[in-house]
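In: Need the 3D shape of this:
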Amino acid sequence: MTDKAIEPGTEAPDFALKNHQGEKLQLSDYQGQKILLSFHPLAWTGVCQTQMELLEQNLLEFKKRNTVAFGISVDSVPSKKAWAEKIEIEDTDLLADFWPHGEVAKKFGLFRSAEGFSERANIIIDEDGIVQFSKVYPIKEVPDFSEIIAELK
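Out: Residues are numbered from 1 along each chain as shown. Below you'll find the predicted structure:
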């Protein structure tokens, strides 16, 4: 298990990670928009695939709510790129928390050190960089994105 996940009301730690296209993205560059960080344990697994497909499928709902959604795991950029192509993720950035290994997951209290990957979790950050919602899900459970959409209203 992990340490306790970041609590609502906490300032979100800033970070920079590469997306599956190799582009460096900085969290603080998105100030003024809501951010959904959708942590998943590992690429190339069924539940994680469904979770990322749901991010992609809900893109319009996120945009309507001034929200940018990111999928994030400890996989490398080349792995995330190949996986995104395989599962046809075209418009959602999949972030590689690869090196230092799981550093961003650790900052959010989501790194499972015994297994070497993150919890399955959704974190919503408001326009001012404050965590508004934080939920960890059972590893084998697909998050309920209708709950996330409702939280973004």
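In: If you average the pLDDT over stretch 98-112, what comes out?
Out: The pLDDT scores in stretch 98-112 average 97.
In: Can you give me the buried ones in that stretch?
Out: Phe98, Gly102, Val104, Ala105, Lys106, Phe108, Gly109, Leu110, Phe111, Arg112 (16 or more other Cβ atoms under 10 Å). Using the backbone N, CA and C atoms, a C-beta is placed for each residue, glycine as well.
In: Which positions within the lengthiest helix in the chain qualify as buried?
Out: Ordering each helix of the chain by length in residues (DSSP state H) puts helix 46-57 first. Neighbour-count burial for helix 46-57 flags Val47, Cys48, Gln49, Gln51, Met52, Glu53, Leu54, Leu55, Glu56 (criterion: 16+ other Cβ under 10 Å).
In: other SSEs contacting it?
Out: Contacts defined by 3 or more Cβ pairs under 8 Å, 6 or more residues apart in numbering; DSSP states H and E place helix 46-57 against strand 34-39, strand 67-73, strand 120-125.
In: can you list contacts of stretch 97-114?
Out: 1-6, 12-13, 15, 17, 37, 39, 41, 72-77, 95, 116-119, 121, 123, 134, 136 (Cβ atoms under 8 Å, 6 or more residues apart in numbering).
In: Give me the neighbour count for the closest residue to Lys34 other than its chain neighbours.
Out: Counting by Cβ to Cβ, 6 or more residues apart in numbering, the nearest residue to Lys34 once its immediate chain neighbours are dropped is Thr67, at 4.1 Å. Using other Cβ atoms under 10 Å, the number of residues around Thr67 comes to 23.
In: From the buried residues of helix 46-57, pick the one nearest Asp29.
Out: Proximity of the buried residues of helix 46-57 to Asp29 (Cβ to Cβ) peaks at Leu55, which lies at 19.2 Å.
In: how close does Phe39 sit to Leu60?
Out: 22 Å (Cβ to Cβ, to the nearest Å).
In: Between these two, tell me which one has more neighbours.
Out: Phe39 (29 against 9).
In: just checking, the more buried one touches Phe117?
Out: No. Taking contacts as Cβ atoms under 8 Å, Phe39 lies outside contact range of Phe117: 9.2 Å.
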